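Student: okay, predicted coordinates and the sequence, questions at the end:
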Amino acid sequence: MSARQNILRRLREAPQGPLPLPPDVGAFHAAQAAGTAASTRHSRIELFCEKMAFWHGEVVRVTRANWPQTLRELCAAKGVRSLLYGEQSAHAAALAAAGITGLKPYDRPVDEWKKELFEDTDAGLTSTRGGIAETGTLIVWPDVAEPRLLSLVPPIHFALLDADQLYDSFLDALREQRWSEGMPTNALLVSGPSKTADIQVTLAYGAHGPKELVVLLLVNEEELV
Amino acid sequence: MNAQPMKFVPASEFKQRAAVAVADQHLRKSFRGAMDFLITKRAAQFPDAAALESQRLLAEHIRKYSLARLPELLEQLERKLTDNGVKVHWAETAEEACAIIIGIAQSHSTKLMVKGKSMVSEEVELNHAMADVGIDALESDMGEYIVQLDGEKPSHIIMPAIHKTKEQISRLFADKVPGARYTDSVDELIGIGRAVLREKFMSAEVGMSGVNFAVAETGTLCLVENEGNGRMCTTVPNVHIAITGIEKVVEKLEHVPPLFGLLTRSATGQAITTYLNMISGPRRPGEKDGPRELHLVLVDNGRTQAYADQQLRSTLQCIRCGACMNHCPVYTRIGGHAYGTTYPGPIGEIISPHMLGLAATHVLPTASSLCGACGEVCPVRIPIPELLVRLREEAQHDARPGHAPLLGQGAAKSRLVDAVWAGWAALYTRPALYRAFGWLATRLRVLTPPFQGGWTVSRTPMKPAARTLHERMAARKSRWQ
Amino acid sequence: MDQAGSRHYPDKPTKVYLFGTCLIDLFCPDAGIDAVQLLEREGIEVHFPADQTCCGQPAHSSGFPEQARAVALAQLRLFPEPWPVIVPSGSCAGTMRHHYPEMFADDPQLHAEVSALAERVFELSEFLVHVARVELSDRGAPTRVALHTSCAARREMGTLEHGRSLLAQLAAVEVVMHEHESECCGFGGTFSLKHPAISSAMAGDKVDALRETGARSFVSADCGCMLSLNHTLQKRGDDFQGQHLASFLWQRTNDGGEPR
């Protein structure tokens, strides 16, 4: 008998009480939300910014027209000499047009240039699939165009987030985006820069991943302030 | 287990270690401070008691439902993961789990494996097993890295190095890390760890992680962390091996948010951690990073024993938040090392007997005043005090009729103790005898022994009153009625 | 568990039973007598079945369920009338109210019987607040006390609120809160005998915390906690002592006329 068979046999032989009903997470969520006012785009933006700031993430409001320019200024201000990005990503052309110096496409398998990635890359830019207002969280799905390490290895992580894609909660996001119909090889929730409190419960940022997280929040002109 | 014997915890050793720990004022102060900090942070996350209660009920429901369907959910998980290109392994024992992982590592001829935090890997003593075959299993969670560097085990499941001060850590780094100088700055200390470990992430062929939730419907492994080392271990090396207990599976993705939300808030008082890393497969064609090979090792190691009993099964609801130990007055006094087991505190007291047997662990369920703080804060409503009482019973008796004996069943059986309780029951079921005993004890109160075992270690002796309440009530009745 | 407000309380009865508990019987009978006096002052007749011994908790929590059941059964039929059963101890009340039904879960008839009894079990302070609805008038000199509530009372009987609300009725008594107020005092029945080092550390921290409030004394509605803390203080040579809540309430409010 294999370990698998033995384990499954022991589990199947165990006495069972009546099977509990399947948990209805959606109904629970709806019941908890009942009586509170539905969120608005404005309230989601405000809440997201507040929570992201709590996690030590920087939120910069930008428009579709000016974000590459703003990113260029941010890079200059932070002394970024090299910005890693996905060359097949939707925003690659806009980046190139903005005249940001030190643009570095993630164009090879990691194995071929680990050292350069780890030691000679100041910042990385990723898109996001959305954000979660309740917790100040980014939803990042790395893919062929934007590999996983873009958001992890460089000391600064810039993330483009469309305010249209702000959800109230994690549950809302995964339901509305139908995650259960197909997950990517890697999906991430990111709430602020990497951190640890493992030494004497003292908070320190940049434990292993980025020391800074900068969210470029795409909003309408009138929402800029 | 042949290469690396599991920790054996005879009663006397636990008591000795506990006595040493309570006498260590420095340790007491650091645990008290850290636990108070975590308690306060957790409380701030749950301002509304009624809302918390309904969330706990939902989380308990999800865990009970998942456990009720465990065998089929494990099969579904295996099927989905296999479809996604993940190799699934099953291990009945700690040795089997280690052998599987060593086999994978050796097939890649690696000498270095980087590890994200995994309590199951601690539970199976993986690092020692790897060391025995010449593979360096390096912990990369900051706290785990620190305790490993000092040759210790974690003293808390969420905050492994909570027993150490920054000065101790700084001296440790200065001693053991080439080029590190003594510093007072936590940021600098973290910087030292970061630099050392980034080198290792780059060079390791194999990375390892635990799993917080395994989702059957999509074949997704969820990892909860703040530091990013888990992401490093599961992304940079060519091979990723995940290890988890068989109980961690849930049916649906939408079961994750409620459990995840309670986990982080109960554990560290955070509304969410920096990362939730959801992994559903190895690198696909065209992807430029991520492991080329992904394995999941499903570990039993005593869990099916707990599963076989409907009351003990609730032990497996645990999502490893550590709130029970943060709130435990015993854990706060003695710290994690005194327990001698991988899982300390209340959860350790109820789960270790299934992993290590009651012969080695029967003292642990007695190390509780049954104050109930653990059960009160448990986010999945495990009735920990009831389980402690149950395990006390199993340690001192043969198995209940119709129940299979537990590993080490009856290990604490003692004729003397049996006789004491038989005598106790004889006295308290015979009212006349009981009253006579009370009469005599009050008359002989001057003969009260000055030493009364454990009681008089720090207390004056208990001395009967001049007259029992029985006598005084009887006298009252005759006087007034 | 009985959270404040979740239990349905009956009207004030004319007769009750008192279950005195084994600890009070032998070690602090004054607390039992004071409980009786508090009840009688409310016009309630107190019956004390002479055959009562112990609720069975020590064996139950030590892993000897058979002996616990035997002792529990010996109490079961001592309270035949449908009167409330008043228990001046949170942990014994918790055992009778919550653990009796679990202990006899396998026997439908006994389960029904213990459940019916459990329904009538009230911890003393709970009864005074919610059923007798006492109105206390303080006759003592101004003082300051700390309140230690046993874990069983707090978590199984919701007694914290009751103790606080009774003390709040005493005009000249200032109740002060100690650090780690909700934490266990380290008694835990046989725990204090089996793990003296840990138990002592817990008791030591508790008396330090009570001491640091600057209170004159402390009160507790559980004899076990009170004895553990008082004997710890005595060993230290400290004259700071605790009193059972029933005794404290009685001494603050009686007009001195009634003999014990």
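Tutor: Perfect, I can see it now.

Student: going by C-alpha atoms from here, please, whenever you check contacts or count neighbours.
Tutor: Fine.

Student: longest helix in chain A, please.
Tutor: With secondary structure taken from DSSP state H, chain A has its longest helix at helix A:41-54.

Student: if we go by neighbour counts, what in that one is buried?
Tutor: Residues of helix A:41-54 classed as buried: A:44-45, A:47-52 (neighbour count, 16 or more other CA atoms under 10 Å in any protein chain shown).

Student: what do you get for stretch B:190-208?
Tutor: So for stretch B:190-208, counting by 16+ other CA under 10 Å, buried means B:190-194, B:197-198, B:200-208.

Student: near chain A, which of those residues show up?
Tutor: B:190-191, B:194, B:197-198, B:202 (CA under 8 Å from any CA of the partner chain).

Student: which among those residues gets closest to C:C225?
Tutor: B:I190 (44.9 Å; CA to CA).

Student: that closest one - that's part of a strand, no?
Tutor: No - under DSSP: H, G, I helix; E, B strand; the rest coil, B:I190 falls outside any strand and is assigned helix.

Student: wait, it touches A:T202, no?
Tutor: No - look at B:I190 against A:T202 with CA atoms under 8 Å: they stay out of range, at 10.5 Å.

Student: OK, now which residue of chain A is nearest to chain C?
Tutor: A:G17 (15.4 Å; CA to the nearest CA).

Student: need phi/psi at the spatially most central residue of chain B.
Tutor: Chain B has B:Y343 as the residue nearest its centroid, 3.0 Å off, counting by CA atoms, centre = their mean. Main-chain torsions, B:Y343, degrees, to the nearest 10: phi -100, psi 110.

Student: quick check: it vs B:M355, distance?
Tutor: 10 Å (CA to CA, to the nearest Å).

Student: try B:H362
Tutor: 12 Å.

Student: and these two? which has more neighbours close in?
Tutor: B:H362 (29 against 24; other CA atoms under 10 Å in any protein chain shown).

Student: and that one, how far from chain C?
Tutor: Distance of B:H362 to chain C, computed by CA to the nearest CA, to the nearest Å: 12 Å.

Student: now for that residue: which residues touch it?
Tutor: B:H362 sits next to B:11, B:353, B:391-392, B:395, B:411-412 when contact means CA atoms under 8 Å, 6 or more residues apart in numbering or on different chains.

Student: widest-spaced pair of those?
Tutor: Among those, B:A11 and B:L391 lie farthest apart (CA to CA), at 14.8 Å.

Student: report the contact partners of A:P68.
Tutor: By CA under 8 Å, 6+ apart, the neighbours of A:P68 are A:94-95, A:98.

Student: only the buried subset of these, as a ChimeraX command please.
Tutor: Selection of the buried residues among these in ChimeraX, burial being defined by 16+ other CA under 10 Å:
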select /A:95
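
Student: looking at the contacts of A:P68, which is nearest chain B?
Tutor: A:L95 (20.8 Å).

Student: what about the closest one, distance to A:L125?
Tutor: A:L95 is 10 Å from A:L125, by CA to CA.

Student: now do B:T468
Tutor: Taking CA to CA, one finds B:T468 at 79 Å from A:L125.

Student: ok, B:E72 next?
Tutor: 42 Å.

Student: any weak-confidence spans in the stretch 1-150 of chain C?
Tutor: C:1-5 (pLDDT under 70).

Student: got the residues of it near chain B?
Tutor: C:20, C:24-30, C:32-33, C:48, C:50-54, C:59-65, C:67-68, C:70-71, C:74.

Student: residue 78: neighbour count?
Tutor: Let's take chain A. The burial count for A:K78: 12, using other CA under 10 Å.

Student: I was after chain C.
Tutor: C:L78: 15 neighbours (other CA under 10 Å).

Student: how about C:E81?
Tutor: If we define neighbours as other CA under 10 Å, then C:E81 has 11 of them.
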